[in-house]
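Enquirer: Everything below, folded, please.
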Amino acid sequence: MGSCKKCGICCEMIVVKWSLLGMRELTGPDPEFILKNWKPIAPEVAAMFRSSLRNKADWLECNYFVCRFYDYKGKLCKIQEEKSPVCANFPHYGELFPKYDTGMHCGFYEDWLEGQKQQTISKVA
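Expert: Numbers count the residues shown, from 1 in each chain. Sure, this is the predicted structure:
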C-alpha cells in the first residue's frame, strides 16, 4: 500500500464526477467542507494544471475545483494536520473521485494502479 509523499499534486486541482448541485446532496465525506472551501474552475483552466486531461475522452464530463487551503507556492495544504476527512482519506474513499490521476511520482500511485488492475479484471470476468 502506498503512502503520501506530500508532493501536493492531488490537491492542486480536484477532479470529480459530480457537480456542485450533486455535492449539496452528498452524504459522504464532509460536503460542508467541500461546498465552503472548493471553488469550481473551467475544464480549460484545469487542463492548464494537468495537460494529460485533454487526452481523456470524458474530461469535459468531469468537474474541476481548487481548494482555498492549498498553498500553490509550498505545494502543501495549509491545514495539513487538521484536514477534512474528504482530504485526509484521499484516495481511499471509493468511487467519489474516479479520476484519480496524479502520476507515477505520487505515493498512492501503487494503490491507484492496483485499483485499475482490479477494475480491468472485474470487466473481463
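
Enquirer: For stretch 69-77, give me every contacting residue.
Expert: 6, 7, 8, 9, 11, 12, 37, 67, 78, 79, 83, 87 (Cβ atoms under 8 Å, 6 or more residues apart in numbering). All C-beta spots, glycine's among them, are computed from the backbone N, C-alpha and C.

Enquirer: Check what pLDDT the fourth one gets.
Expert: In other words, residue 9. Looking at residue 9, its pLDDT stands at 76.

Enquirer: Distance check, it against residue 75.
Expert: 8 Å (Cβ to Cβ, to the nearest Å).

Enquirer: Can you name the element that comes right after the worst-scoring helix or strand of the chain on mean pLDDT?
Expert: Sorting the helices and strands of the chain by mean pLDDT, DSSP states H and E puts helix 20-24 at the bottom, at a mean of 68. Sequence-wise, the next helix or strand downstream of helix 20-24 (DSSP states H and E) is helix 31-37.

Enquirer: Tell me which residues of the next helix-or-strand element following that next one come out buried.
Expert: For helix 31-37, the following helix or strand on the C-terminal side (DSSP H and E) is strand 38-41. Within strand 38-41, the residues that count as buried by 16 or more other Cβ atoms under 10 Å are 38, 41.

Enquirer: which strands and helices sit next to strand 38-41?
Expert: Here strand 38-41 touches strand 63-67, going by 3 or more Cβ pairs under 8 Å, 6 or more residues apart in numbering; DSSP states H and E.
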